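Novice: Output the structure for:
(one chain, ligands or ions: 1)
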Amino acid sequence: MKIYLTKDYDSMSKKAAMILAAQVVTKPESVLGLATGSTPIGIYELLVKWCSSKEISFADVRTVNLDEYVGLDADNPQSYHFFMRRHLFDGVDIPLNNTYLPDGAAKDPQEECLRYERLLSSLGQVDIQLLGLGHNGHIGFNEPGDSFSLGTHVVNLADRTRKANSRNFGSLDAVPCKALTMGVGTIMRAKRILMVVSGADKAETVSRAFAGPITPAVPASVLQLHPDVTLVGDESALSCLLKEEKPL
Ligand code: F6R
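Specialist: Here you go, the predicted structure:
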């Protein structure tokens with residue numbers, strides 16, 4: 001595993017954006033796995049900037065997102081479809097029909113999970129999967145539990161996750177209770193994983209994920225088994241993990 005320690009949120013965003021840009025430059029037809037949430041916003045801003053100045057192009061890129069809320073359609077401003085258009089897709093030269101997210105408004109969410117898994121298989125291996133980290137150790141919307149889920153599935157969102165995300169909804173009651181998410185197995189199939197973390201409130205979770213036991217109680221801990229993980233985090237987010245590192 002590679003760890004990049006950066007000074008602050010902006011330098012974390014820049015390092016991670018450079019890794020994604022390098023992927024797109026070296027393989028223009030890359031399949032990028034993308035995440036939403038507040039952490040990647042700075043990364044997307046930079047990718048939009050570099051695309052506008054023609055330093056990179058997304059013309060041949062395909063993207064797949066981790067998750068979507070059940071019950072929200074693509075035009076709902078709280079949906080992850082909307083988030084991705086607002087923060088990335090509308091600002092780069094990617095054809096919208098090369099961007100894929102699970103459909104939160106699908107009539108049959110279980111069937112939608114199967115459709116999304118089939119779609120992911122048809123696109124081939126994800127070249128690099130960007131991940132944020134939930135305070136409870138979730139990746140995508142794989143919440144802590146008794147076992148690791150394999151494929152895309154419907155989840156009941158943990159109270160802590162709904163509370164954290166209520167900042168975007170105005171009130172806790174407005175936050176959907178369910179979501180569709182790639183499974184841990186789906187995420188682990190990616191060739192490379194790029195996790196980004198920022199802020200002291202993530203420090204303990206980062207350390208549980210990467211220096212603790214591998215357990216479904218901390219879903220991100222499964223990444224310890226992935227052969228190509230890059231963690232980019234700022235000083236506050238990595239403070240506990242780096243304390244755990246034994247001196248050589
Ligand atoms: C979002 C996602 C989530 C977030 C996580 C961290 O697509 O999959 O796992 O990455 O909840 O969110 P932020 O970045 O808002 O702290």
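
Novice: helix/strand/coil for His81?
Specialist: Secondary structure state of His81, per DSSP: H, G, I helix; E, B strand; the rest coil, is helix.

Novice: Hmm, it is touching Tyr100, no?
Specialist: No - if you go by Cβ atoms under 8 Å, His81 and Tyr100 don't touch, sitting 10.1 Å apart. The C-beta positions use only the backbone N, C-alpha and C, and glycine is treated the same way.

Novice: Show me which of the two is the more surrounded one.
Specialist: For the pair His81 and Tyr100, the greater number of neighbours falls to His81 (23 against 16), based on other Cβ atoms under 10 Å.

Novice: Do you know the pLDDT at the more buried one?
Specialist: With respect to pLDDT, His81 scores 98.

Novice: Just give the nearest non-adjacent residue to it, would you?
Specialist: Excluding the flanking residues, the one nearest His81 by Cβ to Cβ, 6 or more residues apart in numbering is Ala74, at 3.7 Å.

Novice: swap in Leu225?
Specialist: Closest to Leu225 by Cβ to Cβ, 6+ apart is Ile214, at 6.5 Å.

Novice: Got phi/psi on the one you found?
Specialist: phi -80, psi 110 (degrees, to the nearest 10).

Novice: residues near it, how many?
Specialist: Using other Cβ under 10 Å: Ile214 sits among 14 other residues.

Novice: my guess is it meets Ala220, correct?
Specialist: No - contact criterion Cβ under 8 Å: Ile214 and Ala220 do not qualify, at 9.9 Å.

Novice: Tell me how many other residues surround the residue in the chain positioned nearest to the ligand.
Specialist: For the chain and the ligand, the shortest gap (Cβ to the nearest ligand atom) falls at Gly132, measuring 2.4 Å. Other residues within reach of Gly132, judged by other Cβ under 10 Å, total 20.

Novice: Read off the pLDDT value for it.
Specialist: We have a pLDDT of 98 for Gly132.

Novice: swap in Asn165?
Specialist: On the pLDDT scale, Asn165 gets 89.

Novice: That one contacts Val175, doesn't it?
Specialist: Yes - the pair Asn165 / Val175 is scored as a contact, 5.6 Å apart, by Cβ under 8 Å.

Novice: Which neighbours do those two have in common?
Specialist: Leu157 (Cβ atoms under 8 Å, 6 or more residues apart in numbering).

Novice: Next, please give the residue ranges for the helices of this structure.
Specialist: Along the chain, the stretches classed as helices by DSSP state H are 9-26, 41-52, 80-87, 109-123, 159-165, 184-188, 203-211, 235-244.

Novice: Turn the ones you listed into JSON lines, columns for distance to Pro144.
Specialist: As requested, the helices of the chain are exported to JSON lines (distance: least, Cβ to Cβ, whole Å):
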{"stretch": "helix 9-26", "distance to Pro144": "25"}
{"stretch": "helix 41-52", "distance to Pro144": "25"}
{"stretch": "helix 80-87", "distance to Pro144": "21"}
{"stretch": "helix 109-123", "distance to Pro144": "20"}
{"stretch": "helix 159-165", "distance to Pro144": "9"}
{"stretch": "helix 184-188", "distance to Pro144": "11"}
{"stretch": "helix 203-211", "distance to Pro144": "10"}
{"stretch": "helix 235-244", "distance to Pro144": "18"}
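
Novice: Between the ones you listed, which one is closest to Leu34.
Specialist: helix 80-87 (6.8 Å; Cβ to Cβ).

Novice: Contacts for the closest one next, please.
Specialist: With contact meaning Cβ under 8 Å, 6+ apart, helix 80-87 is reached by 34, 36, 40-41, 44-45, 48, 63, 65, 67-69, 72-76, 96, 99, 101, 104.

Novice: What about the ligand: which of those touch it?
Specialist: Thr36, Asp67 (Cβ under 6 Å from any ligand atom).

Novice: Counting only strands, which of the contacts of helix 80-87 make the cut?
Specialist: Among the contacts of helix 80-87, the ones falling in strands (DSSP state E) are Leu34, Thr63, Asn65, Asp67, Glu68, Tyr69, Thr99.
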